[in-house]
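K.L.:
take this sequence and fold it.
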Amino acid sequence: MQLVKIAHIIGSKADIPKDIEINWLLTDSRSLTFPAKSLFFALVSQRNNGHRYIQDLYRQGVRFFVISELRPEFKTMRDAFFLQVEDTLEALQQIATAHRSVFDIPVVGITGSNGKTIVKEWLFQLLHEDFEMVRSPRSYNSQIGVPLSVWQLKSDTELAVFEAGISKPGEMERLERIVRPTIGIFTNIGDAHQENFSDYPEKIREKLQLFTHSKYIIYCSDNPVLHAEMTRIKTKGTLLSWGKSPDNYVQLIEAQKVNGKTNLLVQWQNVKFTFCIPFTDDASVENAMHCITFMHHFKYTPEAINQRLLHLESVAMRLELKQGVRECLLINDSYNADLNALNIALDFLSQQAVSKQLSKTIILSDILQSGFRSDELYKHVAVLMKAKNIHRFIGVGEELLKHAELFAGIDAQFFSTTEELLQDAVMLSFRNEAILLKGSRKFEFEKISHRLELIAHETVLEVDLNALIENLNYFRSKLSEETKIMCMVKAFGYGSGSIEIAKALQHHRADYLAVAVADEGAELRRSGIHIPIVVMNPEKSTFDVLFENNLEPEIYSFNLLKAFVNAAGKLGLTDYPIHVKIDTGMHRLGFEPEDMAELIQYLKQCNQVKVKSVFTHLAGADDEQLDDFTHQQMRIFTFCTRQFTKAFSHPIIRHILNSAGIERFPEYQLDMVRLGIGHYGISALPDVHLQQVCALKTIILQLKKVKSGETVGYSRNGKVETDKLIATLPIGYADGYDRKLSNGIGKVYVQGQYAPVIGNISMDLTAVDVTGLDVSEGDVVEIFGENISISTLAKKLDTIPYEILTSVSRRVKRVYFQE
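P.N.:
Model prediction:
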């Protein structure tokens, strides 16, 4: 689109030459690829302001900006063009709306609480052979993601599929104007973001606004609340419902699960058909039925539908981050191999490589579903590799091999098949590299991943970095724009791995990190963490580690303070930042309130240190029975901090709130808060459901039929009263699975069912009773996660969630995911 047209659409009066063409809309300065034809939108949010990144983007070659603030430094950018508007997000949406209006094609809009991305990707798998399709990249369904998705529409597009998600009332109306779907799919309704809606009907009505102008709406009528709202809405569209009732457009008579597949007995127009999908979980049945209903509406024959359903592939919606061999970092992205997904994955690769000072390598397969001619496609890929400064490129597939000459100037190697690559000596050459695996399913890149992984233990702790950031943003929403956040990553990141957690928090602009001991902080520095780090329990023997790594100590006693001042003085240091802790009632560490006068006098006399912050620790912020004590702590803290602010001319940060305090006492947020267990999905409020960040999973190692009268495990405590099927799992108390969960107290989740522990949990193995369950060796087993919450497990053990998380052994492989 021409820049002059964009200016007209958004109401900017900037004087724009007519020959400037814009190809890329940019909202995140870290995702810049092609500066010459990018238009940057300086978005302003509660926690960030895009205008602060314009100077850096200008230095990188960007010349076109949509702004809402005209800052003095912009005058020095003589050859830049600034389109000034009142609201840059609204401008982005206006451009996407105008772009959408040009296309008279079927556009599918998908909303609902769960399943949006999978239904979208399955529709693409089922239909891309027949249509030139465009779809939302990954889960681009927000106020920003939707316009960026719609911008992909091009002149030859025949069918588009876009997701739209909301978190509060009033958002969907704007998305509807952008997407303007001709066909709607409502996947389901669940608890997500329920705290922002009065009830389910209100949330359904808000989501249904996406279909205001849709001609057809697909949904499942088996949910009575959803069905009631569907039949109540005022729409010109035809409702295409599916469900158990014969009154539906498509009736699901039966779903029979057999040998890892599900046979769906379906009826329409009084004729029955059987469809088979290669999945057995209920969510996949629901998602498949949406797709079947859509394809029936699009006049596909039952035979064609079934043939394509048989080849449905699971959708890996997250990038998987693992430790690799020889100091490598492995990023496995099997979401899909198209240009948009490739661009997003390359941004993640750059982020990880820079923070760990690793070279950037990509192993890429042929891209099978791009919509471009091969020469045009791989020319674009080669340009992308150069723009992202990829150090080593390995191409797998006949098409990449055929176009190898396009990658001149890049350290590139090509192989016709994955097996050929696996047999080549190049597999032994990876060292100190961040390696992105980006392959279409048929190339089986999981074989490459398995070869390059560092640890092969079958028990893993999955860490969802998106969920971590969702939780961070939930707590941010409780704070004013000026309030800083200190994120606690002590105790190996609460068991989830401090380095990757710290990198994610730094990337999302946390103000401070906090660790327990100096060595933890030093490890973060070695891994590329550059934001301020506080050491909560500094030891005199590690002062040199603090100084070498620019770590800021908590100071809680005169003894520690004087020792630190002396150490800093020997090195000739001045104004070294320290954080003073005051004991207001926790009675562990900290200066007493009556120490303030002496403390302040001492600090004013020495120039070796400078007070960066003053803080205290709440003893019972999560317990309403202790609220009076919490208020008392705040009064004492206020008394102490007033003396500091009077005594020193420089600003001193004050902080008192922990995770529970942020939720229950936001009026005490002061200058900064400390976020710890809240990151990981633990809320102090019973009605708040945060995102589950960590999931501990293992597999079924072996199945055994054990006869009545036999026993299982040590001490013969697992008595078998009737013939049973026993599954042995490669997890034990050495992995962090508490021995107190033995003999039926603990349960695991496998294939949609709960299975009790039988016998004693041993060091490395646990046995569970799977009698009557449809399970196989190799099936994934959840220890805690989506179906067994950390809080539930903590209650069974009469402990706290902190202990559950931090007990997971370091020998358990951490696998990180990010959408």
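
K.L.:
which residues of the stretch 651-800 of the chain fall in helices?
P.N.:
Listed in chain order, the helices found in the stretch 651-800 of the chain under DSSP state H, counting those that start in this stretch are 659-664, 790-796.

K.L.:
mean pLDDT for the ones you listed - can I get that in a markdown table?
P.N.:
What follows is the helices of the stretch 651-800 of the chain, written out as a markdown table (pLDDT from 0 to 100):
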| stretch | mean pLDDT |
| --- | --- |
| helix 659-664 | 95 |
| helix 790-796 | 92 |
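
K.L.:
closest to residue 483 out of those?
P.N.:
Between residue 483 and the helices of the stretch 651-800 of the chain, the shortest separation by Cβ to Cβ is 9.4 Å, and it involves helix 659-664. The C-beta positions use only the backbone N, C-alpha and C, and glycine is treated the same way.

K.L.:
what's the closest one in contact with?
P.N.:
Contacts made with helix 659-664 from outside it, assessed by Cβ atoms under 8 Å, 6 or more residues apart in numbering, are listed as 475, 478-479, 618, 621-622, 624, 630, 668-669, 673-679, 682-685, 688.

K.L.:
quick check, distance from it to the centre of its chain.
P.N.:
Counting by Cα atoms, centre = their mean, to the nearest Å, helix 659-664 is centred 23 Å from the centre of its parent chain.

K.L.:
the spatially most central residue of the chain: what secondary structure?
P.N.:
Per Cα atoms, centre = their mean, the C-alpha nearest to the average position across the chain is that of residue 466, at 1.3 Å. Judged by DSSP: H, G, I helix; E, B strand; the rest coil, the three-state class of residue 466 is helix.

K.L.:
surely it touches residue 818?
P.N.:
Yes. The pair residue 466 and residue 818 qualifies as a contact (Cβ atoms under 8 Å) at a distance of 5.7 Å.

K.L.:
could you list the low-pLDDT ranges of this structure?
P.N.:
Using pLDDT under 70 as the threshold, the predicted model of the chain has low-confidence ranges 191-195, 316-318, 334-338, 355, 369-371, 455-457, 491-497, 819.

K.L.:
specify the helix with the largest residue count in it.
P.N.:
helix 627-647 (DSSP state H).

K.L.:
what packs against that helix?
P.N.:
Other helices and strands packing on helix 627-647, by 3 or more Cβ pairs under 8 Å, 6 or more residues apart in numbering; DSSP states H and E, are helix 596-605, strand 609-615.

K.L.:
and the ones you listed, which is most packed in?
P.N.:
Among these, the stretch with the highest mean neighbour count (mean count of other Cβ atoms under 10 Å) is strand 609-615, at a mean of 22.

K.L.:
mind listing what the closest residue to residue 81 other than its chain neighbours touches?
P.N.:
What sits nearest to residue 81 in space, not counting adjacent residues and going by Cβ to Cβ, 6 or more residues apart in numbering, is residue 64, at 5.2 Å. Contacts for residue 64 were tallied using Cβ under 8 Å, 6+ apart; they are 3, 20, 22, 38, 39, 40, 80, 81, 83.

K.L.:
and those residues as CSV, adding neighbour count and secondary structure?
P.N.:
Written out in CSV, the entries for the contacts of residue 64 read as follows (neighbours: other Cβ atoms under 10 Å; DSSP: H, G, I helix; E, B strand; the rest coil):
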residue, neighbour count, secondary structure
3, 22, helix
20, 18, coil
22, 17, coil
38, 21, strand
39, 24, strand
40, 25, strand
80, 15, coil
81, 18, strand
83, 22, strand
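
K.L.:
tell me the one of those residues nearest residue 789?
P.N.:
Distances from residue 789 to those, taken as Cβ to Cβ, are shortest for residue 40 (41.4 Å).

K.L.:
apart from its neighbours in sequence, what residue is nearest the closest one?
P.N.:
Using Cβ to Cβ, 6+ apart and skipping residues adjacent in sequence, the residue nearest residue 40 is residue 26, 4.6 Å away.

K.L.:
list phi and psi for the one you found.
P.N.:
Recorded main-chain torsions at residue 26 are phi -120, psi 130, according to degrees, to the nearest 10.

K.L.:
what is the strand or helix carrying residue 401 packed up against?
P.N.:
Under DSSP states H and E, the secondary-structure element containing residue 401 is helix 398-402. When contacts are defined as 3+ Cβ pairs under 8 Å, 6+ apart, helix 398-402 packs onto helix 374-387, strand 412-415.

K.L.:
how about these, which one is nearest residue 33?
P.N.:
helix 374-387 (5.0 Å).

K.L.:
between the helix or strand that comes right after that closest one and helix 374-387, how many degrees?
P.N.:
Remark: after helix 374-387, the chain's next helix or strand is strand 392-396, criterion DSSP H and E. Going by axes from the mean of the first three to the mean of the last three Cα atoms, to 10 degrees, strand 392-396 is angled at 160 degrees with respect to helix 374-387.

K.L.:
CA atoms only: put strand 392-396 into CSV for me.
P.N.:
Coordinates of the C-alpha atoms in strand 392-396 are reproduced here as CSV (Å, rounded to 0.1, in the frame of the first residue of the first chain):
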residue,chain,number,x,y,z
ARG,A,392,25.1,-20.9,9.3
PHE,A,393,22.2,-22.2,7.1
ILE,A,394,21.5,-25.9,6.5
GLY,A,395,18.8,-26.6,3.9
VAL,A,396,17.0,-30.0,3.7
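
K.L.:
name whatever forms a beta bridge with the residue nearest to residue 81.
P.N.:
On DSSP bridges, the residues paired with residue 64 through beta bridges are residue 39, residue 81.

K.L.:
so what's residue 67 closest to, chain neighbours aside?
P.N.:
Nearest residue to residue 67, sequence neighbours excluded (Cβ to Cβ, 6+ apart): residue 42, at 4.9 Å.

K.L.:
about what we covered before: make JSON lines from the helices of the stretch 651-800 of the chain and add mean neighbour count and distance to residue 741 to it.
P.N.:
As requested, these are arranged in JSON lines below (neighbours: other Cβ atoms under 10 Å; distance: least, Cβ to Cβ, whole Å):
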{"stretch": "helix 659-664", "mean neighbour count": "22", "distance to residue 741": "26"}
{"stretch": "helix 790-796", "mean neighbour count": "17", "distance to residue 741": "7"}
